[in-house]
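Peer 1: got a structure for you, letters missing:
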């Protein structure tokens, strides 16, 4: 479903915008991976590969690297959860058998996007920049999570030069 909607949107946007997206969002030389994440359910490796194959129209040309890629794209499927965080309509019963009517239910939400901020290892970098770990804490210090967000928005990379708006 999500793949069809992304493909439909891509065709509606037009070729000029698609060229801009390819130029600025999908670098033909960069390594990449496509992650399937779920909230409230699980998919086998084969099911994840079937989902990925529906996005074959996207022009990912660089090498696939599962550990430490330069770019990561993620599809998140969310199902309805009860108050305890368990799925209201689980895909599998207690015996491990697939429940077809629950499996056929549409997800609560589906998100597709590019991971920013270095993927899942951002916690280590946040701890390294934690205000509590600094020897001097001045009134100009910025919260480490907010500074990480601002750095990502500015697309600052290692070796970049940038101006600090909070210098005293």
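Peer 2: Structure's in. What do you need? In this text, all values refer to a predicted model and were calculated from it rather than measured experimentally.
Peer 1: what's the weakest-modelled helix or strand in the protein?
Peer 2: In the chain, the helix or strand scored least confidently by mean pLDDT, DSSP states H and E is helix 15-24, which has a mean of 55.
Peer 1: ramachandran coordinates for the closest residue to residue 66 other than its chain neighbours?
Peer 2: What sits nearest to residue 66 in space, not counting adjacent residues and going by CB to CB, 6 or more residues apart in numbering, is residue 33, at 5.4 Å. Glycine gets a C-beta too; all of them are placed from N, C-alpha and C. Main-chain torsions, residue 33, degrees, to the nearest 10: phi -150, psi 160.
Peer 1: dump the residue contacts of residue 33.
Peer 2: Going by CB atoms under 8 Å, 6 or more residues apart in numbering, residue 33 touches 64, 65, 66, 69, 71, 72, 73.
Peer 1: is it true that the fifth one touches residue 34?
Peer 2: No: taking CB atoms under 8 Å as the contact criterion, residue 71 and residue 34 are not neighbours in contact, 9.7 Å apart.
Peer 1: residues of stretch 85-95 that come out buried?
Peer 2: By 16 or more other CB atoms under 10 Å, the buried positions in stretch 85-95 come out as 87, 90, 91.
Peer 1: what's the closest of those residues to residue 143?
Peer 2: Set against residue 143, the nearest of those by CB to CB is residue 87 (34.8 Å).
Peer 1: how much space between the nearest residue to that closest one once chain neighbours are set aside and residue 145?
Peer 2: Leaving out its chain neighbours, the residue that sits closest to residue 87 by CB to CB, 6+ apart is residue 40, at 4.3 Å. Per CB to CB, to the nearest Å, residue 40 is found 26 Å from residue 145.
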